[in-house]
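In: 3D model of this:
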Amino acid sequence: DASRDGELAGIDRAFEAGAIGLRDVIEAEAATLRADDDELIAFALAHCPIDPSFAPFAAWAADEGLPLTVVSDGFGLHVEPLLAAAGLGRLPVITNAWDRGSLAFVAAHPTCVGCGTCKKQAVERARNAHGAVAFIGDGVSDRFGARYADITFAKVDLAEHCGRESIPFLPYADFDDVRQALLELDAGAV
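Out: I've put the predicted structure just below:
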């Protein structure tokens with residue numbers, strides 16, 4: 001309804017002004033949800049398609065032995081069903097937890113409350129487990145993952161953020177661009 005839309009617009013303005021963190025935004029958005037989990041998942045499946053270049057990219061990464069993890073600062077309930085519908089249900093996922101209308105920040109930083117899912121920690125864990133980390137993102141929730149990754153691929157809001165903050169990044173339009181750039185990096189061309 002209009003009052004909820006106005007409230008969320010105010011939350012967005014407060015975030016943009018730096019008065020609140022992303023975790024506050026996610027909590028406010030979650031409070032507006034009135035559907036049950038099955039309805040929310042069905043809505044996500046119907047309206048939130050995965051980039052068509054992602055499945056071939058994931059297959060290429062698997063063939064190359066490159067670990068790939070999906071890290072989301074969303075509600076959590078929709079990520080695994082979306083991946084499963086795209087045939088990618090085997091990918092590891094780090095995200096918030098949603099259970100029957102209850103939101104839990106299970107992948108949060110222990111002291112920072114800026115985000116729900118700490119992408120900085122996800123990058124650091126990946127580096128400790130596998131070595132250099134390539135981070136791919138497009139939104140403001142990706143800003144700390146981008147800052148701590150060895151190489152960052154950015155578009156949309158993340159590209160703007162990286163430009164403002166002088167965080168080196170490679171622009172991309174889709175995952176085919178990312179694959180090509182990684183191949184060129186491996187060959188020493190980038």
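In: can you confirm residue 135 is in a helix?
Out: No. Assessed with DSSP: H, G, I helix; E, B strand; the rest coil, residue 135 is strand; it does not lie in a helix.
In: so it versus residue 41, what's the distance?
Out: Counting by C-beta to C-beta, to the nearest Å, the gap from residue 135 to residue 41 is 27 Å. In this view, the C-beta of every residue, glycine as well, is placed from N, C-alpha and C.
In: ditto for residue 14
Out: Counting by C-beta to C-beta, the gap from residue 14 to residue 41 is 29 Å.
In: mind listing what residue 180 touches?
Out: Residue 180 makes no contacts at all, as judged by C-beta atoms under 8 Å, 6 or more residues apart in numbering.
In: quick revisit: between residue 135 and residue 41, which one's more packed in?
Out: Neighbour totals were compared for residue 135 and residue 41, and residue 135 leads with 23 against 18 (other C-beta atoms under 10 Å).
In: you'd agree the more buried one is up against residue 145?
Out: Yes. Counting by C-beta atoms under 8 Å, residue 135 touches residue 145, with 4.7 Å between them.
In: who touches both of these two?
Out: 119, 123, 152.
In: phi and psi next, for the first one.
Out: Dihedral angles phi and psi of residue 119 (degrees, to the nearest 10) take the values phi -80, psi -20.
In: how close does it sit to residue 55?
Out: Distance of residue 119 to residue 55, computed by C-beta to C-beta: 22 Å.
In: centroid-nearest residue for the protein?
Out: For the chain, residue 72 is the residue whose C-alpha lies nearest the centre (C-alpha atoms, centre = their mean; 3.6 Å).
In: correct me if wrong: that one contacts residue 93.
Out: Yes. In this structure, residue 72 is within contact of residue 93 by C-beta under 8 Å, at 7.1 Å.
In: need the residues touching each of the two.
Out: Common neighbours of residue 72 and residue 93 are listed as residue 79 (criterion: C-beta under 8 Å, 6+ apart).
In: nothing else from me, thank you.
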